[in-house]
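Asks: coords please:
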Amino acid sequence: MITEITSTEHFKQIINQDAVCVVDYHAEWAGPAKQLLATLDQLSKVYRKVNFYTVDVDEHAQLTQMAGARIFPTVIIYRSGAKLNAMSGASPEGLSTLIQTAVCA
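Replies: Purely as a prediction, here's the structure:
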């Protein structure tokens, strides 16, 4: 399951969790971002101990800027307040590898 991040406070709570948190910064107008959402949905069913979130960059420009996301989609993985890894672009294989690496860290 993928959860929409609704505010800066919500974002701070999420990234400070002890669990691996995958945050997808996407734009409705970006075709590759829409494609990657389907991959994220599939991966959320495979990695059940990982938390998956999305940020609509048009609705939450401040969060997007704080994260340094400039290309959409950008996926950033957090755990315990730290940024573990990031990927820009819509690569399903790259995303799967990124998550697997974070889970094994």
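Asks: alpha carbons only for contacts and neighbour counts from here, please
Replies: Noted.
Asks: grab the most central residue of this protein for me.
Replies: Val23 (1.8 Å; Cα atoms, centre = their mean).
Asks: in a strand, that residue, correct?
Replies: Yes: counting by DSSP: H, G, I helix; E, B strand; the rest coil, one finds Val23 located in a strand.
Asks: hey, which helix is longest across the chain?
Replies: For the chain, the helix that runs over the most residues, judged by DSSP state H, is helix 31-46.
Asks: list the contacts of the residue nearest to the centre of the chain.
Replies: Residues in contact with Val23 (Cα atoms under 8 Å, 6 or more residues apart in numbering) are Phe52, Tyr53, Thr54, Val55, Val75, Ile76, Ile77, Tyr78.
Asks: which ones among those are found in strands?
Replies: Phe52, Tyr53, Thr54, Val55, Val75, Ile76, Ile77, Tyr78 (DSSP state E).
Asks: most widely separated two among the residues you listed?
Replies: Longest distance between any two of the ones in strands among the contacts of Val23 is 13.9 Å, between Val55 and Tyr78; criterion Cα to Cα.
Asks: please produce TSV containing the ones in strands among the contacts of Val23, extended by distance to Ala86.
Replies: What follows is the ones in strands among the contacts of Val23, written out as TSV (distance: Cα to Cα, whole Å):
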residue	distance to Ala86
Phe52	14
Tyr53	14
Thr54	14
Val55	15
Val75	6
Ile76	4
Ile77	6
Tyr78	9
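Asks: from those, which is closest to Ile99?
Replies: Ile99 has its nearest neighbour among the ones in strands among the contacts of Val23 in Ile77, at 7.6 Å by Cα to Cα.
Asks: isn't that closest one right next to Gln100, touching?
Replies: No: Ile77 is beyond contact range of Gln100, at 10.9 Å (criterion: Cα atoms under 8 Å).
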